[in-house]
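1. build me a model from this:
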Amino acid sequence: VLFKRSITFAINNVKKFHQAELRNIKKFWLTKYNNIVAGQKLLPVESVGIYIPGGRYGYNYVSTLIMTVIPAQVANVKKIVVVTPPKNVTNYFLYTAYLLKIKEIYKIGGAQAIAALAFGTETIPKVDLIIGPGNIWVSEAKRQLVGFVGIDLIAGPSEVVVVADNSYPVEPIAYELLAQAEHDKNAKSYLLAFDQSIIEKVKNYVLSNAKELISQIQFKYVKDINSVVSIINQIAPEHLTLFTKKQNFILPKIKNVGAIFFGNNPSAVFGDYIAGPSHVLPTDTTARFSSGLSVLTFLKKISLINFSVNTTKMLSKYTSKLAEIEGMYWHKKRVDYGKES
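-> Residues are numbered from 1 along each chain as shown. I've put the predicted structure just below:
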């Protein structure tokens with residue numbers, strides 16, 4: 001019963017967030033300048049393939065199913081296909097898919113699943129866009145197929161940077177680091193501490209309770225806010241959690257990160273499951289130039305251009321000259337015709 005309530009709660013939160021996101025997206029607009037009317041309209045892609053990965057310790061990745069399917073549905077994508085390793089297709093997974101009204105699930109994982117979605121097979125349909133996180137093989141397959149199919153982003157192993165001072169207990173700081181480390185053997189956690197004693201306490205806790213994950217955590221003492229900000233923007237992490245009273249001084253200076261968790265009891269774990277924004281976020285420094293999965297991921301922009309006959313005559317003079325210096329004979333002929341008409 002609690003599982004059903006938890007899934008319903010998560011679905012409602014994620015749906016509410018992305019519906020709010022959609023309301024704040026301008027799907028059609030026009031402007032006028034020099035008698036030219038131009039603008040854009042946004043339309044959803046027609047089909048999407050969603051990859052749901054396996055896990056380091058288990059399966060039942062119902063959270064990723066929710067976090068990827070709902071933004072696509074809110075964007076009004078008509079055809080949604082899910083692929084996932086066979087062991088993932090449990091009763092929990094199928095119940096979640098039922099609530100999300102997913103009609104096509106294929107039991108296939110790895111790079112071959114990405115290839116099947118990109119090119120199509122006798123059973124798996126070809127799609128326009130492939131989304132979802134995965135291991136290094138899945139990420140590399142997506143990277144190599146750009147051009148044959150659209151992708152969301154290269155979402156690799158999990159990352160978190162935790163900034164901490166003495167205003168928080170050791171346990172939640174350690175839990176935060178370990179939570180992301182347990183995703184994958186290549187996941188990375190970083191502790192940036194304003195006090196050396198915090199590092200020692202957290203390190204001792206990890207060694208006593210999760211020694212197998214210690215190699216995935218890096219510890220660094222930082223002197224001031226500027227040092228913290230510089231390191232964060234350089235790492236460009238997937239998640240940033242702020243266990244510090246200096247949050248308000250750090251937040252405005254952060255430029256490169258997938259998601260930031262702050263407040264009195266911050267945790268990326270809530271973001272992994274129920275907070276609302278999709279947990280598919282840029283990793284491996286790609287937050288420098290990319291964003292997390294959202295409704296916008298599934299929308300494509302179409303430019304609109306319109307002008308009158310009189311405007312055409314005015315534009316032809318300048319267009320003709322530019323075509324001439326580029327050596328584009330038929331471009332020039334076309335606009336010269338408009339100029340003479």
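
2. quick one: low-confidence parts of this protein?
-> Applying pLDDT under 70 to the predicted model, the residue ranges of the chain that meet it are 56-59, 338-341.

3. now the helices for the stretch 1-150 of the chain?
-> 2-23, 62-74, 91-99, 111-119, 136-144 (DSSP state H, counting those that start in this stretch).

4. CA-only coordinates of the longest one in PDB, if you can.
-> Right, the one you point to is helix 2-23. The C-alpha coordinates for helix 2-23 follow below in PDB (Å, rounded to 0.1, in the frame of the first residue of the first chain):
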ATOM      1  CA  LEU A   2       2.800   2.400   0.900                       C
ATOM      2  CA  PHE A   3       4.500   1.700  -2.400                       C
ATOM      3  CA  LYS A   4       1.400   2.600  -4.300                       C
ATOM      4  CA  ARG A   5       1.000   5.800  -2.400                       C
ATOM      5  CA  SER A   6       4.700   6.700  -2.900                       C
ATOM      6  CA  ILE A   7       4.500   6.100  -6.600                       C
ATOM      7  CA  THR A   8       1.300   8.200  -6.900                       C
ATOM      8  CA  PHE A   9       2.800  11.000  -4.800                       C
ATOM      9  CA  ALA A  10       6.000  11.000  -7.000                       C
ATOM     10  CA  ILE A  11       4.000  11.000 -10.200                       C
ATOM     11  CA  ASN A  12       1.800  13.900  -9.100                       C
ATOM     12  CA  ASN A  13       4.800  16.000  -8.000                       C
ATOM     13  CA  VAL A  14       6.700  15.400 -11.300                       C
ATOM     14  CA  LYS A  15       3.600  16.100 -13.300                       C
ATOM     15  CA  LYS A  16       2.800  19.300 -11.500                       C
ATOM     16  CA  PHE A  17       6.400  20.600 -12.000                       C
ATOM     17  CA  HIS A  18       6.500  19.900 -15.700                       C
ATOM     18  CA  GLN A  19       3.000  21.200 -16.300                       C
ATOM     19  CA  ALA A  20       4.100  24.500 -14.600                       C
ATOM     20  CA  GLU A  21       7.200  24.400 -16.800                       C
ATOM     21  CA  LEU A  22       5.000  24.000 -19.900                       C
ATOM     22  CA  ARG A  23       2.800  27.000 -18.900                       C
END
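
5. residue 300 contacts residue 43, correct?
-> Yes. Residue 300 lies in contact with residue 43 (CB atoms under 8 Å); the separation is 5.9 Å. Every C-beta, even on glycine, is put in place using the N, C-alpha and C of the backbone.

6. kindly compare burial across the helices of the stretch 1-150 of the chain and name the winner.
-> Of all those, helix 62-74 carries the top mean neighbour count, a mean of 24, counting by mean count of other CB atoms under 10 Å.

7. check which helices and strands it sits against.
-> Helices and strands touching helix 62-74, by 3 or more CB pairs under 8 Å, 6 or more residues apart in numbering; DSSP states H and E, are helix 2-23, strand 47-51, strand 79-84, helix 91-99.

8. could you dump the ones you listed into CSV with distance to residue 106 added?
-> As requested, the helices and strands packed on helix 62-74 are exported to CSV (distance: least, CB to CB, whole Å):
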stretch, distance to residue 106
helix 2-23, 22
strand 47-51, 9
strand 79-84, 5
helix 91-99, 12
